Structures are given as structure tokens and as C-alpha cells.
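> Provide a 3D model corresponding to the input given below.
(4 chains)
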2 protein chains.
Amino acid sequence: MSRPTIAGVARAAGVSVASVSRVLNGLPATEEMVERVQRAVQELGYVPDARARSLKVGRTFQLTLAVADVGNPVYVTMMRAVEEVVSAAGYRLVVTTTGPDVVDEVALVRGMARGYADGLLISPIRVDEDLVKSIRECEVPVVVAGNVPAKAGVDTVRANSPKGMLLALEHLVARGRNRIAFLNGPADTVPGAARAKGFADALKAHGLEPIAVAEATDFTFAAGRTAAPDLLTAGGFDAVVCANDLLAVGLMHELAAVGLEVPGDVAVVGMDDSELAEQCFPTLTSVNLGSAERGRRAAELLLARIEDNDRTPRRIVVQPSLSIRRSTP
Amino acid sequence: MSRPTIAGVARAAGVSVASVSRVLNGLPATEEMVERVQRAVQELGYVPDARARSLKVGRTFQLTLAVADVGNPVYVTMMRAVEEVVSAAGYRLVVTTTGPDVVDEVALVRGMARGYADGLLISPIRVDEDLVKSIRECEVPVVVAGNVPAKAGVDTVRANSPKGMLLALEHLVARGRNRIAFLNGPADTVPGAARAKGFADALKAHGLEPIAVAEATDFTFAAGRTAAPDLLTAGGFDAVVCANDLLAVGLMHELAAVGLEVPGDVAVVGMDDSELAEQCFPTLTSVNLGSAERGRRAAELLLARIEDNDRTPRRIVVQPSLSIRRSTP
DNA sequence: GTCGGTCCTGTAAACGATTACAAGAACGAT
DNA sequence: ATCGTTCTTGTAATCGTTTACAGGACCGAC
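Next up is the predicted model:
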């Protein structure tokens, strides 16, 4: 004997399927009707089928969250925030890892047309024409956590990393460091490009010259370690700003390996202010780019757009703050 | 104009819906038929609707992964492994956070009856009668990553933490440490209980007495820090084994705060061998309980059971190894 | 008593795919 | 030329819900 369907419940309760459906969805019905249906549901252990329901109402009550790397703690923070908002609204979360390639992102966005989810929240790290086009044409609502041209016509929530860079530099300068190096992630990514420009501008604003700049091949711990020697051979710096926390922690390991003290010899500032920043040692001063808030607001925008797809796209910028810890003097 | 349906494609191609469906599913058809259908699909940009397909074929091609805390890096490792296996098999992954309460887990398992996913991979941290019952009665295949009574009649993949404890102690003793303390997570959880027993047995096997034991309220970094003073006031140890990496890192911070050197004054061993173990400083010697392999094998079992629900349940045990790093002498 | 309005309930038509079944075409063998 | 096979295609039922529509009961007002 297989799962009972709504027809079985109707039969058991001696009413029509429509009445069962109505009771289950809280539409008006007599006391007695509600009672009979609920008893039948109870007895048979009936649970409505999500697949059939989705087909009929055109909604799956699922949302997709697409990130490049689940191992990056900043996405964990974001995911937590998103999950909280969407599950409170009765949605499930489908988490997808896109990897570093833009073609996979495009394929994902196109695939949303299958309708297995009611919306997409994507945090792309590389953006090209194709991606923008696929987002604009996407069958379901999309919200981008990150930077994408306005012509994509889509809600976005992004960080203000130039401002974040300024905060980092101000802090370092205030603590007497002015020979500042920069460890970036890949410059051909959206965050990489933004941070490179932010760093250059912020330095200029303080009338400083860059001492050394290195570029890791990825925003990962391993890539941070690998890229560290590029900075070390250049040398001459008393502080390093890193494009994210993983890179910063990777760098700190290499600094320790060559006997440089943090923050004594070199101050280190990370970005993202992820959980890792307080778990590493010394604890990491980090620019809080508001990942939790970005996640929360992006999720809210997505829910709002699902309710009303005609609202004009909003572009929210979340302001950064600086979490000062022990890696800076 | 809204999304084209299979009927639209059929009309455009001048064939029947059945033929379109057949071509799309690779069933035999003439050269010309294939050609016409594909052109129409191309022209209209038709994408089959996953909701309708699910209803008809009774499959959603989604699997649910339920973990207690996405912030725990061990789950990240596991999730990576699971995602790799299931996406290779054409499934999407729905990630759900259950939190520390068993009632939420039970609700989740019961909710699977809605049929929004074809299977469930759950890693429960507290297990009670209700949970076992709900798992046994679950409408869709379930695989448990963790320890659950055989009577649940379900595939399981679990770690061998007693053996892992032995590895940790052997290592410490070999390095001359024999005043060994233990920082556990909540003892009323499955891993907590297993590790407590494992620790006691392993100590006995080496003819040692426990120096101090503390119990954190959670398997988190913060709980590790909070529980650390319980050990510190007891004192008298030259090594601490921790029930997971987060607790170990939390402890190391507190050790540093009171001026104790790792590994000079105190050796620290973690468990899980998560990414955090090589990111923290000093890098953490950690018992590798095979989270990646557990994830992989659990996913494989789930896929196998979806194919054939009558196979007899398997109970796989993954053997641990020790990753030696700098937190032990 | 009749009429018009509210309610509540049931019947049946969707939603968009897959697939059992039947019918027609093509072809070789007799 | 006829028959039987095989291969391809179309018709229509089906999956399990929701919901538009219509029918019937009930009630109050005239």
C-alpha cells in the first residue's frame, strides 16, 4: 500500500477532494467538515505531495543560493543569514557550488528555467556579457549579491570595498604604518578588480605609494600561502592588506615561517570579517563588508520580488566597518 | 507571452507531444523527427518543466543533506564530498540546517514524505526513539552519517572515534606526554558520548588516569573558549585531546591568553582534521575521522538505495588516521 | 410564499510532462 | 497480391493537487 492521496482522504472522510484541499489550505468550511477531514488526514497519515502542488500552483517554495566555494567562510556567514530569512518565509534552500568559471554560472542561471526553484540568489565572482544576458532573461527572479551592471535590470546587494579599503588604511596609518603592501585575489574577478582599485585609490588618498602587490590565483588559503613569497621577496613593507580573510591567514603562516612577527614586524588586515578572523592566531583585524547583512537583505529582496515581479530593481550598498583585533598594533 | 510548453513545441514542429517527449528523452525516432523537434526547441527556447516532470515520474532529482551547523568546517568537508557525488549523478543538493534539537530533525525526516526530494542524508547529533522511528518509517530512502541503532534498518556510515582516540593517545604518549586532559562537546550527543567513552578506554589501554575533563555546551569555537577555564583551573596536564577542531582552536586561544605555549607547555590534538586544522596557528594535529570519505560513501549508498530500495542496509565504518602538525611536539 | 443573497460543497478542468496503447506505414516473405 | 513483422507516430490517460464554476441549502426580507 502506497502513500494516501487527497482522493483517499476524501473517500475516508466521505467528502469531495475539493473540500479536503480547502480545509488543508485554511479556506472557510464548517466546523464539522474541518473535523471530518482532519480525522481522516490523521488516520491515514496523509501528507500533501509537494510535486503535485508545485505543478499546480507554479511554485516550488525553494530558492537557490549559488556561491563559488562553500569552503570560504564568508559564504558560510552569508548562507546562515540567507537560510534564516528564507526558512522563516517557508522556503527551502538549494545550495549550489558554481566553482570559479563563469560558464558554469551561466549554465546555472539558464537552468533555472526548469522551474525547480522560485528564485535565485547568486554571488558571481566573474561577470561577463553572457552572464548579464542570462540574468536579464532568467525565467525566475534573480538577486545578485555582488556587483553587476545596472543594465542587468536586477536587484543587487553589494559591498562597498573601496570604503572598506579606506577604513583599513586609515587604521594602519593611524597606528604608524605607511609602507603598505597588498595581497589580492585574481584581478580578473569582480571582487579582485574592485579591491585593486580600492586599494590604489585609498593609498593615493593618504598620499602613499604601494610598496608591493601580489595576486593570488584564487581566494583561498592555499593560494594565499603560494602567493606570499611574491610579497616577501619584494619586502620593505610594515603592513599588508589582504583581499579576504583566507588569503590573510595564508599569508600569516608564511610570515611566521620566515620569522616575521604579526603585528610587531608586519601588521595584517583581512577582509570579510568571517568567523575565521577570530579563530586564527593572532586574531585578525578585518574589514567587515557586511556579509551577513548582505545575505539577509538579498534574501529579503528576493522574497519581495517573488511577491511582485514588477517592482523596480533596487541596488543596495551595505556599508563596511572595521573589526580591530590583534593582527594590527 | 509565457514559457513555451511541450504542446507549443509540438505545434511548432508539426508533430505530437509524445514525439517531442520521446526525442527529448532520447528514445528512438527518425532522423527527420529529431531534426524538426530540435529546431522547434531551439527556436522557442523550450526548457522542460521540472515540476511537471517530477509529478509524472515521481522523482525530483533532488537530495537533502541535513547537518546541525553549516559553520562547522567538518560539515563543509562533508558537503563538498556529497555535492561532488550527487551532482555527478545528476542530482541537486538541498542543504538544511537542523540546529542542535532532535525535534527539528524528526520534523525534517517526517517532512520528507512531501516528496520534494528523492532521498535524505542526515548527520544527527542527538538521537532518540522518535528519530529512529521516523527514519524507519520515512517515505524516501535515508542514509545516516553517524551512529544510529541497527534496528533503524538504514544504511549508515560512521567514524570510528574510539580508534581515533587511540591514535591520538598513542601519538601523545610516544611524544612523552602522559598527563592528558579531555575537552569534550555535549555528552548527551552521539559524537559526545562516543568520544567520552573512546577517551576513557584509550586512556585505560595506556594505563593512564584522566587528569581533567571538561564539557563544552556545543561543538563550536565559542563553546570551546567558554569551557577552557574549566580545564585551566583543574590544571596539571601537559596535553589536551579535543572532541573536534573548533573546540581545539577555542582552547588554544585561551591557552595563549594565560601564557601557555602550544606545544611546549601543552600539546593539543583536535578531531575531524578539517580545513581549520591547517589554517590555525600553530597548525593542529588532528584525528582524521574521514569526513570526506564518509560524505562520499554516504552519498553513494543513498544513490544505490534510490536505485534499489530492497537491498539490505549496509553499515560502513570509516577508519581514522592521524594528521600530525605543529600543535604536538 | 417567493425572491435574492450568502454560504458551503461538489464536479470537473486545469497544471505540463510521461507513457500505455493503438493505429498506420513500410517492408520482406510467401 | 497478401499477410505478418517491425518500426514509427499519435491519441489519450495519468500523476496529485488547486480552483473556477455551478448547484443546493439556508436565511431574512418583502
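> neighbours of residue A:148, how many?
Neighbours of residue A:148 under the rule other CB atoms under 10 Å in any protein chain shown: 22. (Glycine included, C-beta is placed from N, CA and C.)
> show me which residues of the stretch 51-200 of chain A sit near DNA strand D.
A:51, A:52, A:53, A:55, A:56, A:57 (CB under 7 Å from any atom of the strand).
> export these to JSON lines and tack on pLDDT?
JSON lines is the format used below for these (pLDDT from 0 to 100):
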{"residue": "A:51", "pLDDT": "97"}
{"residue": "A:52", "pLDDT": "97"}
{"residue": "A:53", "pLDDT": "97"}
{"residue": "A:55", "pLDDT": "96"}
{"residue": "A:56", "pLDDT": "96"}
{"residue": "A:57", "pLDDT": "95"}
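> neighbour-wise, give me the winner out of those residues.
In terms of neighbour count, residue A:51 stands highest of these at 23 neighbours, by other CB under 10 Å.
> re earlier: and which of the residues of the stretch 51-200 of chain A next to DNA strand D is nearest residue B:189?
Each of those was scored against residue B:189 by CB to CB, and residue A:51 proved nearest at 34.4 Å.
> how about whichever strand or helix holds the closest one and DNA strand C, touching?
Element membership for residue A:51 (DSSP states H and E) is helix A:50-57. Yes: Helix A:50-57 lies in contact with DNA strand C when judged by CB under 7 Å from any atom of the strand; the contacting residues are A:55, A:56.
> ok, back up a step: what subset of the residues of the stretch 51-200 of chain A next to DNA strand D is also close to chain B?
A:51, A:52, A:55 (CB under 8 Å from any CB of the partner chain).
> surely the last one and residue B:52 touch.
Think residue A:55. Yes: Residue A:55 is within contact range of residue B:52, at 5.2 Å (criterion: CB atoms under 8 Å).
> what does the stretch 101-250 of chain A put close to chain B?
When proximity is defined by CB under 8 Å from any CB, the stretch 101-250 of chain A lies next to chain B at A:110, A:111, A:113, A:114, A:115, A:116, A:139, A:221, A:246, A:249, A:250.
> again, only using 10 Å
Residues of the stretch 101-250 of chain A that fall close to chain B, judged by CB under 10 Å from any CB of the partner chain: A:110-117, A:137, A:139, A:220-222, A:224-225, A:245-246, A:249-250.
> what is in contact with residue A:55 and residue B:52 at once?
residue A:115 (CB atoms under 10 Å, 6 or more residues apart in numbering or on different chains).
> circling back: next secondary structure after the helix holding residue A:51?
Next helix or strand after helix A:50-57 toward the C-terminus (DSSP H and E): strand A:62-67.
> next, the buried residues of that following strand.
A:62, A:63, A:64, A:65, A:66, A:67 (16 or more other CB atoms under 10 Å in any protein chain shown).
> same deal with stretch A:286-305?
Judged by neighbour count using 16+ other CB under 10 Å, the buried positions of stretch A:286-305 are A:286-303, A:305.
> returning to what we had before: and the residues of the stretch 101-250 of chain A next to chain B, which are buried?
Buried residues within these, defined by neighbour count using 16+ other CB under 10 Å: A:110-117, A:139, A:220-222, A:224-225, A:245-246, A:249-250.
> just the ones of the residues you listed in helices?
With helices taken from DSSP state H, the overlap with these comprises A:110, A:111, A:221, A:222, A:224, A:225, A:245, A:246, A:249, A:250.
> next, the buried residues of stretch A:81-93.
Within stretch A:81-93, the residues that count as buried by 16+ other CB under 10 Å are A:81, A:82, A:83, A:84, A:85, A:86, A:91, A:92, A:93.
> closest one of those to residue B:162?
Of all the buried residues of stretch A:81-93, residue A:83 has the smallest distance to residue B:162: 34.0 Å, by CB to CB.
> which parts of the stretch 101-250 of chain A are helices?
In the stretch 101-250 of chain A, the segments counted as helices under DSSP state H, counting those that start in this stretch are A:102-111, A:129-136, A:161-174, A:190-205, A:221-234, A:245-257.
> ok and the second one relative to helix A:102-111, angle-wise?
Put plainly, it is helix A:129-136. Calculated by axes from the mean of the first three to the mean of the last three CA atoms, to 10 degrees, helix A:129-136 forms an angle of 20 degrees with helix A:102-111.
> try the third one
With the same axes, to 10 degrees as the criterion, the two stretches helix A:161-174 and helix A:102-111 enclose an angle of 140 degrees.
> what helices and strands are in contact with helix A:161-174?
In terms of contacts (3 or more CB pairs under 10 Å, 6 or more residues apart in numbering or on different chains; DSSP states H and E), helix A:161-174 is packed against strand A:180-184, helix A:190-205, strand A:239-242, strand A:267-271, strand A:285-288, strand A:321-323.
> residue A:123 is in contact with residue A:78, correct?
Yes: when contacts are counted by CB atoms under 10 Å, residue A:78 is listed as touching residue A:123 (7.1 Å).
> what is in contact with those two at once?
By the contact definition CB under 10 Å, 6+ apart, residue A:78 and residue A:123 are jointly contacted by A:65, A:67, A:145, A:291, A:294, A:295, A:298.
> contacting residues for the fifth one?
Read that as residue A:294. By CB under 10 Å, 6+ apart, the contact list for residue A:294 reads A:74, A:77-78, A:81-82, A:123, A:145-146, A:156-159, A:316-318.
> what about residue A:5, distance to DNA strand C?
Here the distance between residue A:5 and DNA strand C works out to 12 Å (CB to the nearest atom of the strand, to the nearest Å).
> check the residue nearest to that residue when sequence neighbours are not counted and give its pLDDT.
Among residues not flanking residue A:5 along the chain, residue A:49 sits closest, at 7.3 Å (CB to CB, 6 or more residues apart in numbering or on different chains). At residue A:49 the predicted local distance difference test score is 96.
> quick check, residue A:49 in contact with residue B:112.
No: judged on CB under 10 Å, residue A:49 makes no contact with residue B:112 at a distance of 11.9 Å.
> hey, what's in contact with both of those two?
Contact with both residue A:49 and residue B:112 is made by no residue, according to CB under 10 Å, 6+ apart.
> follow-up on the earlier one: export the helices and strands packed on helix A:161-174 to CSV and tack on mean pLDDT?
Formatted as CSV, these follow (pLDDT from 0 to 100):
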stretch, mean pLDDT
strand A:180-184, 97
helix A:190-205, 95
strand A:239-242, 97
strand A:267-271, 97
strand A:285-288, 98
strand A:321-323, 98
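> and these as JSON lines, adding distance to DNA strand C?
Rendered in JSON lines, the data for the helices and strands packed on helix A:161-174 read as follows (distance: least, CB to the nearest atom of the strand, whole Å):
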{"stretch": "strand A:180-184", "distance to DNA strand C": "45"}
{"stretch": "helix A:190-205", "distance to DNA strand C": "34"}
{"stretch": "strand A:239-242", "distance to DNA strand C": "47"}
{"stretch": "strand A:267-271", "distance to DNA strand C": "44"}
{"stretch": "strand A:285-288", "distance to DNA strand C": "44"}
{"stretch": "strand A:321-323", "distance to DNA strand C": "47"}
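> so which of these is nearest residue B:12?
Taking CB to CB as the criterion, helix A:190-205 is the member of those that comes nearest to residue B:12, at 38.8 Å.
> for that closest one, name the packing helices and strands.
If contacts are counted by 3+ CB pairs under 10 Å, 6+ apart, helix A:190-205 sits against strand A:155-159, helix A:161-174, strand A:180-184, strand A:212-215, strand A:239-242, strand A:267-271.
> could you dump the ones you listed into a markdown table and include distance to residue B:104?
Shown next, in a markdown table, are these (distance: least, CB to CB, whole Å):
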| stretch | distance to residue B:104 |
| --- | --- |
| strand A:155-159 | 29 |
| helix A:161-174 | 36 |
| strand A:180-184 | 41 |
| strand A:212-215 | 44 |
| strand A:239-242 | 38 |
| strand A:267-271 | 34 |
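> now the ones you listed as CSV including mean neighbour count and distance to residue B:22?
Conversion of the helices and strands packed on helix A:190-205 to CSV gives the following (neighbours: other CB atoms under 10 Å in any protein chain shown; distance: least, CB to CB, whole Å):
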stretch, mean neighbour count, distance to residue B:22
strand A:155-159, 24, 40
helix A:161-174, 21, 52
strand A:180-184, 25, 52
strand A:212-215, 18, 51
strand A:239-242, 30, 55
strand A:267-271, 29, 53
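> much appreciated, bye for now.
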